[in-house]
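Asker: For reference, the sequence and a predicted model appear below.
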Amino acid sequence: MSGQITNILLVGVGGQGILLASEILSETFMLAGFDVKKSEIHGMSQRGGSVVSHVRYGREVFSPIVPEGEGDILFGFELMETCRALPLLKKGGKVVANDLRIPPPSVLMGQETYPEGLADRIRTEFPDLLLVDGQQLAMDAGNPRVANTVLLGAVSKRIDIAEDYWLKALEKLVPKKALEVNRKAFMLGRNL
Amino acid sequence: MHEILSGNEAIARGAHEAGVKVASAYPGTPSTEILETIIQYKEIDASWAPNEKVALEVAIGASFGGGRALVAMKHVGVNVAADPLFTLSYTGVNGGLLLVVADDPEMHSSQNEQDSRNYAKFAKVPLLEPSDSRECKEFTRLAFELSERYDTPVILRSTTRISHGKSIVELDEPVTGLPEPRLVRNSAKLVMLPGNAKVRHPLVEERMAKLSRDGSTLAINRLELRDTSIGIITSGVCYQYVREVLPDASTLKLGMVHPLPRDLIRKFAAQVDTLYVVEELDPFIEEQVKAMGIAVTGKEIFSLCGELTPGRIRKAFGLPGVENSVVEKLPGRPPNMCPGCPHRGVFFALNQLKAYVTGDIGCYTLGFMPPLSAMDTCVCMGASIGTATGVVKVVSEEERKKVVAVIGDSTFLHTGINGLMDMVYNNAPATVVILDNRITAMTGRQENPASGFTLTDEPAQRIDFPLLCKALGVKHIRVVNPLDLEETKRVLKEEMARPEPSVIITDKPCVLIKREGVFTKGPVYQVDAEQCTGCRACLKIGCPAIEWQPGEGKQGKAFIDPLLCTGCDVCRQLCKFDAIGRSK
């Protein structure tokens, strides 16, 4: 059964736009005619804590959460959180990660240091890693806040769904006044 | 027409399709979005109540008046609403009444993981448990029919994974032809004096027995025969996990979990070789099946704690696990108060004064986290004040001066106000700090009776805290600006020393309030690297906008992220070297 389901995990830090990205993913899969389920935790975790969102699509999806170690694609918005979520990914899984470091409280206070060499650490085990400078590309698109959409564009290239569905989902879920910059950001990510 | 909806959105949609007239709730993760999304259906009168008991009473009134009513809360909210719930079970309803409760197995955002199914048994009311968003909508509709058919309130129990999970839902048209609400007197049924209640109780028992019998043919209790060597009784999100992990096993998928459809369970048990119950938290189904004399395996292989996952179920059934990556220990990322949060200065001062802080439920519970580390107790909504009263009753006169209760505006109005009445009435010499940030922040910024607006954004009468405290008889009431550290600390020190009850109200809005004119971001601050001696004093408030940047040898410096800084000024007050100032 699992073989017919594609499992996507989105991870990062509360406030990075992970929710919107997972909404757009789910909408795209529904528009493309698949069954889709997603799950995430709101509440306490929004106050700058770690966030994990699960999105699954296929002919018929049961569990709303990705079974442990069966993730096909890990979509990381922050490097350390991407690393933390690796146990959720299956062997040979794909990783698209934002090349961004957000220091957690213990690092801000100088009690711990932000680990070095995380990208290499990921690549050793998961060679199919695409590292994206989401912040820079978002600036290129015209707004530093659309890094999540740049990353979504990069992820979209790794999922076999026609471009048209992605753009339709964007149009439905992004507020009108921000649509153009998000479209631009999405295409920048998709054409990497 | 289909849409991707969360369980909470689907419950709201179900309420709309069921012709609900009134919806009331107190916000609580993971239930909050039910009311937040129900307001799109303009025919429903939806409102925030100060607590879950009032919310249920509003729904009861709407039901007695002949309208369908929905009330929503998180699991611990049912503890507050339990009083009316238990007697509502006796009176029954006029218009259908649905209590939606969202449990939080694994305690993603809660102080305990109590299993609300026990309330259905305890209060003798039926409980439905949906397993995805489609069922959330369908069961909500069905619940109102059952409520009216069996003259009973109905509980719809969700969990975090259902409420915050999303799946595809087919939308339907709302029902038509419901009777118009009007006053109908039926005091023998609705006035629960002993004489009347004695008549009602046997009817409650009959109702539950009939529901159990009828449950065996109720379509939402579904017997699915596949390979009969393993049979699994399950419900809610666990059904989805079972289908995922053991796709060939036979299942009895229960939509109504209380009362259990005994005949159907017997029929299923007779058709399978080995019977299991897969349920999160308490052995609610399992114990009743065992009491029927049926051999079944449940908590022998599953934990009583936490939520289930496909992986945990695989493991329990002895299926091979998936080999996955192992990650070395990484620095944790716990939640933190926002940059500019008005609570930060208060907890910094409490820490410095070495106060014994009885805490409460809200964002400010994070005052427990280092480096603020200024919370000693936190039990439930509103508990801070009563707890402080109890502590000062037993400790020495010297230690009494250390006891401070902290409670947010919304939590104070929820159930803290009764604690303050008691503190004043019985003259307990503790200090209460009401952290008024003009919003119910933790659950995502909901309005409340002190915020000045309603759920539907209409302007509302705003409770005047100093006046309210005065009316309760508090003699010493101080209002402080919590962003002024010196003032906050001085006032706290004075009131803590006072051998009488006193209240300090902090008056600064939450930085997340988007309404115009409430919170305004000030000019951001920066660190003058020349002046900074690397003393780390500014790090003691744990502001996410301030970062320690290690330098050569021991010489590091503080750095303020201009994108995160709100200009609250608190860090500047901590710097003895004038190294922090407004950006030019």
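Answerer: It's in. Numbers count the residues shown, from 1 in each chain, chains lettered A, B, ... in the order given.
Asker: drop to CA atoms for contacts and neighbour counts, all remaining ones
Answerer: OK.
Asker: Name the SS class of B:H108, please.
Answerer: coil (DSSP: H, G, I helix; E, B strand; the rest coil).
Asker: From what I see, it and A:I41 are in contact.
Answerer: Yes. The pair formed by B:H108 and A:I41 meets the contact definition of Cα atoms under 8 Å, at 7.2 Å.
Asker: where along chain A do the strands fall?
Answerer: A:6-13, A:35-40, A:50-58, A:71-76, A:89-98, A:129-132 (DSSP state E).
Asker: can you redo those strands as CSV with distance to chain B, mean pLDDT and mean neighbour count?
Answerer: CSV is the format used below for these (distance: least, Cα to the nearest Cα, whole Å; pLDDT from 0 to 100; neighbours: other Cα atoms under 10 Å in any protein chain shown):
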stretch, distance to chain B, mean pLDDT, mean neighbour count
strand A:6-13, 8, 96, 25
strand A:35-40, 4, 96, 26
strand A:50-58, 6, 95, 24
strand A:71-76, 10, 97, 26
strand A:89-98, 6, 96, 22
strand A:129-132, 15, 97, 19
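Asker: Okay, the residue in the stretch 451-584 of chain B that chain A sits nearest to and A:L10: tell me how far apart.
Answerer: Nearest to chain A, among the residues of the stretch 451-584 of chain B, is B:E547, at 4.3 Å (Cα to the nearest Cα). The gap separating B:E547 from A:L10 is 26 Å, by Cα to Cα, to the nearest Å.
Asker: ditto for B:G332
Answerer: 18 Å.
Asker: Now for A:L152: which residues touch it?
Answerer: Going by Cα atoms under 8 Å, 6 or more residues apart in numbering or on different chains, A:L152 touches A:A21, A:F186, A:G189, A:R190.
Asker: among the residues you listed, who's most crowded?
Answerer: A:F186 (28 neighbours; other Cα atoms under 10 Å in any protein chain shown).
Asker: wait, isn't that residue in contact with A:L151?
Answerer: Yes. If you go by Cα under 8 Å, A:F186 and A:L151 touch, sitting 7.4 Å apart.
Asker: Next, the buried residues of the longest strand along chain B.
Answerer: Identified as the longest strand of chain B according to DSSP E is strand B:227-235. By neighbour count with 16 or more other Cα atoms under 10 Å in any protein chain shown, strand B:227-235 contains the buried residues B:T228, B:I230, B:G231, B:I232, B:I233, B:T234, B:S235.
Asker: quick one: that strand near chain A?
Answerer: No. Residues of strand B:227-235 contacting chain A under Cα under 8 Å from any Cα of the partner chain: none, with a closest distance of 12.7 Å.
Asker: Using PDB, list the CA coordinates for that strand.
Answerer: In PDB, the C-alpha atoms belonging to strand B:227-235 read as follows (Å, rounded to 0.1, in the frame of the first residue of the first chain):
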ATOM      1  CA  ASP B 227      -8.400 -11.900   6.600                       C
ATOM      2  CA  THR B 228     -10.100 -13.300   9.700                       C
ATOM      3  CA  SER B 229      -7.000 -14.500  11.500                       C
ATOM      4  CA  ILE B 230      -6.600 -11.000  13.100                       C
ATOM      5  CA  GLY B 231      -9.600  -8.900  14.100                       C
ATOM      6  CA  ILE B 232      -9.100  -5.300  15.300                       C
ATOM      7  CA  ILE B 233     -11.700  -3.100  17.100                       C
ATOM      8  CA  THR B 234     -10.600   0.500  16.600                       C
ATOM      9  CA  SER B 235     -11.900   4.000  16.100                       C
END
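Asker: Can you tell me the strand partners of that strand and which way each runs?
Answerer: If you go by DSSP bridges, strand B:227-235 pairs up with strand B:249-254 (parallel), strand B:274-278 (parallel).
Asker: Give me the contact list for the longest one.
Answerer: Outside of strand B:249-254, the residues within contact range by Cα under 8 Å, 6+ apart are B:129, B:220-236, B:239, B:243, B:265, B:268, B:272.
Asker: Tell me where chain A has helices.
Answerer: With helices called from DSSP state H, chain A shows them at A:18-31, A:79-84, A:105-108, A:118-125, A:134-141, A:147-156, A:163-173, A:176-190.
Asker: hmm, back to that, show me which of B:H108 and A:I41 is the more surrounded one.
Answerer: Shown here are B:H108 and A:I41; by other Cα under 10 Å, A:I41 has more neighbours (22 against 19).
Asker: Now do that one, the pLDDT please.
Answerer: The model reports A:I41 with a pLDDT of 78.
Asker: cool, and B:K554?
Answerer: 68.
Asker: Please apply the same query to A:S2.
Answerer: The model's pLDDT for A:S2 equals 43.
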